[in-house]
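1. Starting from these lines, generate the structure:
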Amino acid sequence: AIAALCEDEEMRSMIMMKTDGALETLERDDLIWCEETLGIIRKRMVAEKMYPPGRIFYMRRRKRREEDGYDDDRDTVISIEESRADKFGELILHPSMLDVSRHVPSMYESMLQELWLSDIR
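-> Sure, this is the predicted structure:
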């Protein structure tokens, strides 16, 4: 499917045009077009799905909210949760996905250390 997007300049342009902005701001016709286009792309996805072996853990850092209830001065919270492999069956395109600095081993180590230290405070 990614190869098809690379080859189909018109589809890429339409996707960029119709999805420019927050989801809440998209017109109904654009949302319908997106759903139909996703259906077309999914039909092209005929290759065997590749999943990582073993267990998958999803880590993320987000801004702290009042209901998190921490009594220190952290302004972010790190969470980690086990995830199912089938949750990763499709590539989700996002502007930050090409930011390789988010996926270097030292970033994971740093987040795990921060998570561990926050639990012993």
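2. the strands in the chain, which residues?
-> For the chain, the strands defined by DSSP state E cover 56-63, 76-83.
3. Using TSV, lay out those strands together with mean neighbour count and distance to G39.
-> The way it works is simple: take the backbone N, C-alpha and C, and place the C-beta from them, glycine included. Listed next are the strands of the chain as TSV, based on neighbours: other C-beta atoms under 10 Å; distance: least, C-beta to C-beta, whole Å:
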stretch	mean neighbour count	distance to G39
strand 56-63	12	26
strand 76-83	12	25
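4. List the contacts of the lowest-mean-pLDDT helix or strand in the chain.
-> In the chain, the helix or strand scored least confidently by mean pLDDT, DSSP states H and E is helix 2-7, which has a mean of 75. Outside of helix 2-7, the residues within contact range by C-beta atoms under 8 Å, 6 or more residues apart in numbering are M11, R12, I15, I41, R44, L91.
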